[in-house]
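Participant: from the sequence below, what's the structure:
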Amino acid sequence: YVELGWGGYWGWDPVENASLLPWLVGTAYLHSVKIQQRRGMLKVWNMALIILTFSLTIFGTFLTRSGVIQSVHAFGDSTLGAMFLGFLAIVVVSSVGLLVSRLTQLKSESELDSLVSRESSFLFNNLILVAAAFAVFWGTVFPLISEAVRGVTVSVGAPFYNVVAGPIFGLLILLMGICALIGWRRASTENLIRNFLYPAAASLAIVVLLYAMGMREIYALVGFTTCGFVAGTIGLEWVRGVRARSRKNKENYLKAFFALVWNNKPRYGGYVVHVGIVLIALGVIGSMMFKEENQATLGPGESMSIRDYTLTLDGVTEYSTQSKVVTSASFSIARDGSPVGKLVSEKYVHKTHESPVTEVGIWTTPKEDLYVILAGWGDDGTATIKAVVNPLVVWIWIGGVVVLFGTLIAVWPDAREQRRA
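Facilitator: Numbering: from 1, shown residues only. This is a model prediction of the structure:
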């Protein structure tokens, strides 16, 4: 990822893009199905999302196994591509046919009462997720279409996804906060003011604080403020829920907190997932907007600086194992003049393959990651390295763990549901 030399998170591999598509559409279904459960609406739309989710899963498998694209994650030329394409056609045609034949059984039981309601915010959420899926889908298949029609291979890289998908996902994160505070059916003006006053005030405070600290990048300010707003809305929902349960059942706040989650697992598990998405967004914003790079050729004992770090080359060694030949460069790390540790960056070549493999040296802190890449070396013990400081990257991984934890809460079996079944 680092050696590719670009700061985006989208568009560098078509197979990975294709694997994202069913997640986006499936996530849209998980939101809109709540409207069907509560109001009996969007039945046809939900069935269409399920059909699309499975079809996109098969489409991603087709790209991986057909050999039509070049990717480190794809197989070579294979006869399986035609089989998967035929199966995809059967799935789409039969599923759409079944859906059309049952339209009369899937009529909505209610109608949308107001554009300012939780139902409409969920619907906007769906439209944005589907738009994001279409943007990623178009970026994935456009090179194939261009090559088939014009005979010209076109590369769709990070700039397209950063320009198109970035704002879409930013709006999606904003809606995560809005959905949590809008009531069902129709929200009153008094309700909106009461619910949004404190999160909006917290967002304004974040803007002022970041600006006072010297941050001037407009996209970073907007992104961090949006994340703060969403975190504030989720926190407000938790506080209100715990207080209400504590008063009703005469419980202390800690017991009320766990009881609230356990008795409303899908809802509060979803909130935990949203917290994880906010953490991931913080990591993406920080690493995209504030990444810093430097490159130098060092001899043993020589140093280079990048941001607050000083890297000193301790030495370059070469050794062989049964399977590979390894070149290893070791470094001492100092931050603000104080030693903090050591790291190693390597390149190795498997004896059965000629392509070299890079092992990036990584120094991780809650604030930022320091990557050191061994780009080359000389017989005199020198090493050419590329150093990268990526702020907040660790929070992408932490956010992923939080998303997984929230998902487990949301799907955990419920005794009441089992009794009803």
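Participant: only C-alpha atoms for contact and neighbour calcs from this point on.
Facilitator: Will do.
Participant: so where's the stretch 151-300 of the chain shaky on pLDDT?
Facilitator: Screening the stretch 151-300 of the chain residue by residue with the criterion pLDDT under 70, one finds the ranges 151-162, 183-191.
Participant: same deal with the stretch 301-421 of the chain?
Facilitator: Scanning the stretch 301-421 of the chain for pLDDT under 70 picks out the ranges 415-417, 421.
Participant: 50 instead, please
Facilitator: For the stretch 301-421 of the chain, not a single residue meets the criterion pLDDT under 50.
Participant: tell me where it has strands.
Facilitator: 303-306, 309-320, 324-335, 338-350, 356-359, 361-364, 368-377, 383-391 (DSSP state E, counting those that start in this stretch).
Participant: just put these in CSV and tack on mean neighbour count and distance to residue 21.
Facilitator: Below are the strands of the stretch 301-421 of the chain laid out as CSV (neighbours: other Cα atoms under 10 Å; distance: least, Cα to Cα, whole Å):
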stretch, mean neighbour count, distance to residue 21
strand 303-306, 16, 37
strand 309-320, 17, 39
strand 324-335, 19, 37
strand 338-350, 17, 34
strand 356-359, 14, 29
strand 361-364, 18, 30
strand 368-377, 20, 29
strand 383-391, 22, 27
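Participant: how about these, which one is nearest residue 211?
Facilitator: Among these, strand 383-391 comes nearest to residue 211, with 17.9 Å by Cα to Cα.
Participant: quick one, the closest one and strand 309-320 angle?
Facilitator: Taking axes from the mean of the first three to the mean of the last three Cα atoms, to 10 degrees, one finds strand 383-391 and strand 309-320 inclined to each other by 130 degrees.
Participant: now strand 383-391: how far from the chain's centre is it?
Facilitator: Its chain's C-alpha centre and that of strand 383-391 lie 24 Å apart, by Cα atoms, centre = their mean, to the nearest Å.
Participant: could the strands of the stretch 301-421 of the chain be laid out in CSV, adding distance to residue 403?
Facilitator: Output for the strands of the stretch 301-421 of the chain, formatted as CSV (distance: least, Cα to Cα, whole Å):
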stretch, distance to residue 403
strand 303-306, 33
strand 309-320, 32
strand 324-335, 32
strand 338-350, 30
strand 356-359, 28
strand 361-364, 21
strand 368-377, 21
strand 383-391, 21
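Participant: for residue 43, find the nearest of those.
Facilitator: Evaluated with Cα to Cα, the strands of the stretch 301-421 of the chain place strand 383-391 nearest to residue 43, the distance being 43.3 Å.
Participant: who's in contact with the closest one?
Facilitator: If you take Cα atoms under 8 Å, 6 or more residues apart in numbering as the criterion, strand 383-391 is touched by 2, 283, 286-288, 290-299, 306-307, 316, 329, 367-377.
Participant: check stretch 225-234 too.
Facilitator: Under the contact criterion Cα under 8 Å, 6+ apart, stretch 225-234 has outside partners 170, 173-174, 176-178, 180-181, 196, 198-200, 202-204, 206-207, 271, 275, 278, 281-282.
Participant: try it again with 7 Å
Facilitator: Identification of contacts with stretch 225-234 by Cα atoms under 7 Å, 6 or more residues apart in numbering yields 174, 176-177, 180-181, 199-200, 202-203, 206-207, 271, 275, 278.
Participant: weed out the non-buried ones from these.
Facilitator: Buried positions within those, assessed by neighbour count (16 or more other Cα atoms under 10 Å), are 174, 176-177, 180-181, 199-200, 202-203, 206-207, 271, 275, 278.
Participant: in those, find the pair that's most separated.
Facilitator: Pairwise across the buried ones among the contacts of stretch 225-234, and taking Cα to Cα, the largest span is found between 207 and 271, at 23.9 Å.
Participant: closest to residue 129 out of the strands of the stretch 301-421 of the chain?
Facilitator: Ranking the strands of the stretch 301-421 of the chain by proximity to residue 129 (Cα to Cα) places strand 383-391 first, at 27.1 Å.
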